[in-house]
Structure formats: structure tokens, C-alpha cells
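Undergrad: Any chance you could fold what I've pasted below:
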Amino acid sequence: EGYDGEEKYPVTLTSYSSPEGRYHHPLNLLNPLNPLNPGHEVAPTAPFFLSRNGVKYRQSFIDRACPAVGEENRRMHLKKVFAMILAGLMALTLSLSFAGCGGGSGGGSSTGGEKKPVKVSLAMLRLTSSAPLFIAMDKGYFKEEGIEIDPQWFDAAQPIAVATASSKVDVGATGITAGLYNMAAKGQKLYIVADKGREEKGYSSSALLAASSEYDNGLNSIEALKGKRVGITQKGSTFHYMLGRMLEAKGLSLDDVTVVPLGKLSAVMAALQSGQIDACILNEPNITKVKNEGYGKEITQVSAVMPYQTSGIFYSPEFAKNKDAAVRFMKAYNKACNEYYDAVVDKKDPAKLDEVVKIIAKYVKTPEADIRLGLPYVDKNGVLMADDIKTQIDWYSSHGMMDGKLDAKDVVNTSFLEEAMKK
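TA: So this is what the prediction gives:
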């Protein structure tokens, strides 16, 4: 039975063909829609309501009472549903397309305050001076800025400079070398954008060491280096620069020693241990490692002789074009520099210092006790000691390690960090 409210209507069935000739269905003779009833020649167009005795017949009753009309109604309803779904999908597709069109060069730009994800390859060494980078990676500061870091580990500074200048990596984090300046002098674009470690009095970063046997025999000063074999990673490296500057500070020159380039840090350490060299320059955590293992002794910290912007963060020419991502990278880095400075330099909270030491040890793969003995100085905000860049360029040029001329302003770009610090 079909019903509406309390009124019920018995069902008596016969057959009915629709005007279009498409349906042949049983039909209730008592149904007011039945064309066999007086006054009704054809069934009205659905959907509709008709009154009888003051009662409106619901569509569900009509559908059951007249299957031909009900099926037509269902078909029309499905068509409307499918049309609405199709229109919604088209609108969503267009919306996504327009969203994808916004942004700066190189992708990864943000629109409407949204930080679009960007993958950044980061070349670095396993050194304690990379601490702010390790902190930003470990504590998710880069991730907060929509940046996914792809770490690329190297054994020496010069290859990082080459990889960054050629845009094989997006960001380089290492020593500022003659090779980097030479590439810039030849027109290769790359930019030193922030501090990553400097020689600051009272903080262990880089040091001159002698083999323990040589130290015990009198090689315990810079002046005593005359005639000795001194190991470095590469010619034109930061170690080469430090050695030359320290010798000159004591009235000597590079000609007074035998400079032995050994390619990478592990080779320098092995040569000192085996006696192939008499002295070398190393940085943390390797200084502490050599001293603890007993085959080397410290002559002097480099910072005791001269201030020096040893290393920096620099951008490849392609990454620098993506200003949005470049500023976001600096924002995360600046946050980590603040955290490192508070923990290591200001020593505000012992628990924070313990946390920083733990993070550094994880990335440089060195015991926490060794890390704690040799934490370098990093500027609180990651600000570059820009004036020292000119000093370095002049020195490398005067010692025949540069081809062509270079103005410091052509290789230094602190605007990304400055912009990040405003946000």
C-alpha cells in the first residue's frame, strides 16, 4: 500500500503506456494521476504535488503508485547529480591549476601566506662549526619554513665551492677559499650570505698542531715552524690562508716551510699520526680528537693570532634566484644561530647546552665529551663579518692564488638574511 498521513489507498493494478511510448507499467486505478480517471488524460510532468481531500501526495507515494513516473524522476535526478559532480570537479581542477601558476623563479615560492614546499640540496662537512645547520635540521626549523633538506657530505671545502658555483647543489656551507674567489673573479655567480664560523678569541675553532714527538722536541711555537713540513687539505684552502697569515704575523712566510697538500682532513690526520708531516692545521672536532688520541699537541689557536671569517653559508646562482625560498632558508638558519649562541656563548641554560652538544655529536659522529671541549663561535644572528672578505681577497691575490680582480661586494650578499630577520 501507498499512503500519505493517515489516509490509505488500496492498490488495484492495470497497465499504462507513457505518451512517449517508452514505458508499459501497471498503474493504480484509484491514483488521481491515472489517465483512466475522469479529468486526467495524461500524467503530469514530474516532479510535482497534487492535492486530494486537502492532502498533498508526497513524491515517494507518487513514485510507488506510478512506476513509470517514478523511474523518469529517478533518471532526471541522477542526471542532475552527475552534472553537479562534474561541475565541481572542473572547478577544483581550475583552482589547482591557477594555484600552481603562482610563485617565483625556480618554484617553491609562496602565495597568500602559504609556504610551498621546496627541496634544497645542502653541501657541508661534518664539523662543529655547522652546528646551526644541524640544529635547524634536527629540530625541524627548515621544515617549518617548507624546506626539505637534502644533505650532501663532502671531505674538503674546495669541492663544495665548485659544486655550489655550478648549481650542482643549492647551498654550500664550508670554508671560504681561494677557489671560491677565483670562480667569482671569472664571472661565476655565487653569493656568501651568512656566517658559519669564525675565529674568535676564547673559542676553539681552528688550531695549529704539532706531532707529539715534534712538540716535545721544541716545535711549540709558530716561529719554530721554519723548515718544517706542514700539512693542509689543499692549496688555496682556509688552512693555507691561516698558515700564511700566522707565519707573517711572526715575521715568516710560506716560503719558510714545506706546505704539504693532502686533499682531505682524514688524510691530514693520518699523516700527522704516521710522522709524514711535522705539523698541521685542523678544526673541531678533529683538534680534540687528535689531542685525546695522543699523537698531536696544540701549538696555538688561530683566533689567538688573528680574527678571521673562516667559513660561511653561500648560495648557488640558481637558488639565489628563488628569493622566497632563499629568505625562508635564512629564517630557519637565523633561528638556529640564536639558539646555538644562547646555549654555547651566553650559556644561559645548561640543559640547552646539553641538547646542542647531543645534536652536534649526532651529525659529526663524535663523542659528546669531545664536542663539549671544542665548541666554536658563531654570530648570534648568523651575520657575516663582511669586512674580512676584502682582507681575504687581497691576501690571496697578493700571493698569486687568484686570477683576475674581484670586488668583495660582487660576492657578498647579506640581503637574504636581512630580509629574514625582519619577519
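Undergrad: quick one: contacts for the closest residue to residue 130 other than its chain neighbours?
TA: Closest residue in space to residue 130, ignoring its immediate chain neighbours: residue 124 at 5.2 Å, by Cβ to Cβ, 6 or more residues apart in numbering. The C-beta positions use only the backbone N, C-alpha and C, and glycine is treated the same way. Residue 124 makes contacts with 130, 133, 151-154, 160, 172-174, as judged by Cβ atoms under 8 Å, 6 or more residues apart in numbering.
Undergrad: Just these: which are in helices?
TA: Members of these lying in helices (criterion: DSSP state H): 133, 160.
Undergrad: low pLDDT regions in this structure?
TA: 1-114 (pLDDT under 70).
Undergrad: Let me see the ranges of the strands in the stretch 201-350 of the chain.
TA: With strands called from DSSP state E, counting those that start in this stretch, the stretch 201-350 of the chain shows them at 206-211, 229-232, 258-261, 279-283, 296-301, 308-315.
Undergrad: I'd like these written out as a markdown table, with distance to residue 359 added.
TA: Formatted as a markdown table, the strands of the stretch 201-350 of the chain follow (distance: least, Cβ to Cβ, whole Å):
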| stretch | distance to residue 359 |
| --- | --- |
| strand 206-211 | 21 |
| strand 229-232 | 29 |
| strand 258-261 | 32 |
| strand 279-283 | 18 |
| strand 296-301 | 24 |
| strand 308-315 | 18 |
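Undergrad: Out of these, flag the one nearest residue 188.
TA: Between residue 188 and the strands of the stretch 201-350 of the chain, the shortest gap by Cβ to Cβ is with strand 308-315, which sits at 11.7 Å.
Undergrad: Direction included, what does the closest one pair up with?
TA: strand 171-175 (antiparallel), strand 191-199 (antiparallel) (DSSP bridges).
Undergrad: Kindly reformat those strands as TSV containing distance to residue 229 and mean neighbour count.
TA: Formatted as TSV, those follow (distance: least, Cβ to Cβ, whole Å; neighbours: other Cβ atoms under 10 Å):
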stretch	distance to residue 229	mean neighbour count
strand 171-175	22	29
strand 191-199	24	27
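Undergrad: can you list these in JSON lines and add distance to residue 414?
TA: As requested, the strands paired with strand 308-315 are exported to JSON lines (distance: least, Cβ to Cβ, whole Å):
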{"stretch": "strand 171-175", "distance to residue 414": "15"}
{"stretch": "strand 191-199", "distance to residue 414": "6"}
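Undergrad: Ok, which of these comes nearest residue 360?
TA: strand 191-199 (12.3 Å).
Undergrad: and the closest residue in space to residue 271 that isn't next to it in sequence, how far is that from residue 310?
TA: Leaving aside its sequence neighbours, residue 271 sits nearest to residue 277 (Cβ to Cβ, 6+ apart; 4.7 Å). Noted for residue 277: a distance of 21 Å to residue 310, by Cβ to Cβ, to the nearest Å.
Undergrad: Show me which of the two is the more surrounded one.
TA: Using other Cβ atoms under 10 Å as the criterion, residue 277 and residue 310 rank with residue 310 on top: 30 against 23.
Undergrad: so who does the more buried one touch?
TA: 129, 175-176, 197-199, 205-206, 238, 242, 283, 302.
Undergrad: So the residue nearest to residue 147 when sequence neighbours are not counted, which state does it fall into?
TA: What sits nearest to residue 147 in space, not counting adjacent residues and going by Cβ to Cβ, 6+ apart, is residue 120, at 5.4 Å. Using DSSP: H, G, I helix; E, B strand; the rest coil, the structure places residue 120 in strand.
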